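Participant: next come a sequence and a model predicted from it.
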Amino acid sequence: MYGLDDASREKIQKLLRSADELFKVKNYSRAQTELDQVLAIDPRNPLARTFMERVKAAIKLEQPASGAPTGNDRSALLPQMFKDADQFIARKEFDRAVGKIREVLSIEPSNFYAKAYLDNIEKLKSARPVETAPVQAAAEPKKEVIPQGSVTMYRELLKEFWFDGKISPEEEEQLKSVRDLFAISPEEHTQVEREVKLSAYVNALQMAWKDGVVTENEQNVLQMMRQRYSISSEEHHSLEAKIEVAKRTRKSRGTVLLVDSDMESLSHVIEELKKRNYDAIVTHYVEDALNALVRRSPDLIMSEILFDDKSANGFAFYKKLQDLPNFKRIPFFFISSLNDDKIIRASIRLGVQKFFPKPLDMKLLIATIDSMLHLS
């Protein structure tokens, strides 16, 4: 809801509360109408988009079966699949939970949350105690707390909000709505927020030292950052080992090759990549990019489609890479001023992993890079 006036933000909050109430009484069609109004005001509102998927899934489940779902219909089933997986996990039916998550991946192979679910299930399976014969009159076992997939999602949202070291009242309202929507307890919120906050604090210090910010009057700077991230002295001392490592070292999270003559877009992308410890190789034309690949192999490539008449286009560049064994497996994104559905579909059919139209949704772009490189 950035950039919106107070009246618009207030209207969005009222519509979201109304949609939530309508959803609870299973009036899904009216809830969808309320959410449509939110997205008309703020098309990128993360809560409304997530809520809309849940509403669509509920509507789909109420409809009589009419054959196997396809396309967007199958995507609408994802929230229910995650819910089913949660129920299997709660019953310790881990193999069935894995099967349900693999159904999700058959629809969306790059779904980050599904991959996180699989990792979590494997940890739970490996942590199971060896079964022994039951003991008569045994005391009732303490109920095991099973991490839910919704907490994994909530952790990712907190990472995004804590990245700049503070949470605005507007973001806090969004977080509260997400907690209510996914039944995240205050205890879960407190634990996850502390983990995310401490990690964000160390990362911010690392970036500060990398940029030469902490050179003089270091204690004052540290105090300022502790206040910004709401870090107590005890928490700071508990992190001293990690802070020392952050001060001395900077480990690159990966290298991204950018191919674009649009300097305005490039400057924003480069800034966001550097903030998150990615290295960027910047080229303005396909020919320059091919020369750069001779000197260094990146972990991911992002290219515009259209350049001036003297340069090859993005499709020719992608085709060239597919003919080179050393580069054909590198993830490839299009970031383009073209926003034509036919071109997007053609790109996906050719094998391009993602297509981001301009102006770029920077948060979505960075999240996709993290997920694609398995470094989030």
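Facilitator: Great, that's in hand.

Participant: sec struct for residue 360, please.
Facilitator: Assigned by DSSP: H, G, I helix; E, B strand; the rest coil, the conformation of residue 360 is coil.

Participant: OK, contacts around it?
Facilitator: If a contact means Cβ atoms under 8 Å, 6 or more residues apart in numbering, then residue 360 has 265, 268-269, 335 as its contacts. Bear in mind the C-beta positions are built from the backbone N, C-alpha and C, glycine included.

Participant: can you rerun that using 10 Å?
Facilitator: With contact set as Cβ atoms under 10 Å, 6 or more residues apart in numbering, residue 360 has these partners: 265, 268-269, 272, 302, 335-336, 366.

Participant: those residues, buried ones only, as a ChimeraX selection?
Facilitator: This is the ChimeraX syntax for the buried subset of these, where burial follows 16 or more other Cβ atoms under 10 Å:
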select :265,269,272,302,335,336,366
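
Participant: and residue 227, how many neighbours?
Facilitator: The number of residues packed near residue 227 is 11, by other Cβ atoms under 10 Å.

Participant: now swap in residue 289 and tell me
Facilitator: 25.

Participant: so which helix or strand takes in it?
Facilitator: Assigning secondary structure by DSSP states H and E places residue 289 in helix 286-295.

Participant: returning to that earlier point: filter the contacts of residue 360 down to just the ones in helices.
Facilitator: When helices are assigned by DSSP state H, the members of the contacts of residue 360 inside them are 265, 268-269, 272, 366.

Participant: in the stretch 51-200 of the chain, what residue spans correspond to helices?
Facilitator: Under the criterion DSSP state H, counting those that start in this stretch, the stretch 51-200 of the chain carries helices at the ranges 71-75, 78-90, 94-107, 112-126, 149-162, 169-182, 186-210.

Participant: out of those, which gets nearest to residue 306?
Facilitator: Shortest distance between residue 306 and the helices of the stretch 51-200 of the chain, using Cβ to Cβ, is found for helix 71-75: 28.5 Å.

Participant: residue 167 versus residue 52, what's the distance?
Facilitator: Separation of residue 52 from residue 167 (Cβ to Cβ, to the nearest Å): 24 Å.

Participant: more crowded one of these two?
Facilitator: residue 52 (19 against 16).

Participant: hmm, residue 280 and residue 271 touching each other?
Facilitator: Yes. Contact between residue 271 and residue 280 holds when scored by Cβ atoms under 10 Å: they sit 9.5 Å apart.

Participant: look at those two and report which has more neighbours.
Facilitator: With neighbours defined as other Cβ under 10 Å, residue 271 and residue 280 compare such that residue 280 has more, 17 against 11.

Participant: any idea of the mean pLDDT for stretch 93-112?
Facilitator: The predicted model gives stretch 93-112 an average pLDDT of 78.

Participant: count of neighbours near residue 233?
Facilitator: The tally of other residues near residue 233 (other Cβ under 10 Å) stands at 9.

Participant: now the strands: where do they sit in the stretch 251-376 of the chain?
Facilitator: For the stretch 251-376 of the chain, strands defined by DSSP state E, counting those that start in this stretch occupy the ranges 255-259, 279-283, 300-303, 332-336, 354-357.

Participant: still on that earlier bit, so what touches the helix holding residue 289?
Facilitator: Contacts of helix 286-295 with the rest of the structure, by Cβ under 10 Å, 6+ apart, involve 257-261, 281-283, 285, 298, 301, 303-304, 307, 310-314, 316-318, 320-321, 324, 326-327, 330.

Participant: strand 279-283 and that one, what's the angle between them?
Facilitator: Regarding helix 286-295 and strand 279-283, their directions subtend 140 degrees when assessed with axes from the mean of the first three to the mean of the last three Cα atoms, to 10 degrees.

Participant: where does the stretch 251-376 of the chain dip in pLDDT?
Facilitator: Applying pLDDT under 70 to the stretch 251-376 of the chain flags residues 251, 309-310, 374-376.

Participant: what's near enough to touch residue 327?
Facilitator: Applying Cβ under 10 Å, 6+ apart, we find residue 327 in contact with 257, 290, 293, 297-298, 301, 320-321.

Participant: how about residue 259?
Facilitator: With contacts defined as Cβ under 10 Å, 6+ apart, residue 259 is in contact with 266, 281-290, 292, 301-304, 307, 311, 314, 317, 335.
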